[in-house]
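S.K.: What follows is a predicted protein model with its sequence.
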Amino acid sequence: MTISDIEFEMKINDVDDSDIAAIIDVCKIKGFSAEGLDEELVKRGYDKIFTVNYDDADGYEEEDWGDFE
C-alpha cells in the first residue's frame, strides 16, 4: 500500500486532513503498518480502518444463512 492509498482510505473515511498529515508523519518515523495506522487513528478518536477484528465485526451468523439443501 502506498502513501497515496493510505491517504485516500483515510479521506474516504472522513479523517480530518490535519490528522492525516500527522499520522503520515508519525508513520514515516515508526514505519507503516496497518496496526500502527489504526493505533494512530484510535488515539485521535477515529475508528480503525486498516485492520479488522473479525470477532468484533457484525456479520452474518451461520443460522442467518438459511437452509441451502
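M.R.: It's in.
S.K.: residues touching A34, list them.
M.R.: A34 is in contact with 50-51, counting by CB atoms under 8 Å, 6 or more residues apart in numbering. Every residue, glycine included, has its C-beta placed from N, CA and C.
S.K.: Mind listing what's buried along the longest helix seen in the chain?
M.R.: Using DSSP state H, we find that the single longest helix of the chain is helix 17-30. Buried residues in helix 17-30, counted by 16 or more other CB atoms under 10 Å: 19-20, 23-24, 26-27.
S.K.: Format the CA atom coordinates belonging to that helix as CSV.
M.R.: C-alpha atoms of helix 17-30 as CSV (Å, rounded to 0.1, in the frame of the first residue of the first chain):
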residue,chain,number,x,y,z
ASP,A,17,-6.7,16.5,6.7
SER,A,18,-4.6,17.7,9.6
ASP,A,19,-4.9,14.3,11.3
ILE,A,20,-4.0,12.5,8.0
ALA,A,21,-0.8,14.6,7.8
ALA,A,22,0.1,14.0,11.4
ILE,A,23,-0.5,10.2,11.1
ILE,A,24,1.6,10.0,7.9
ASP,A,25,4.4,11.9,9.7
VAL,A,26,4.4,9.5,12.6
CYS,A,27,4.4,6.5,10.3
LYS,A,28,7.3,7.9,8.4
ILE,A,29,9.3,7.7,11.6
LYS,A,30,7.8,4.5,13.1
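S.K.: With that, I have no additional questions.
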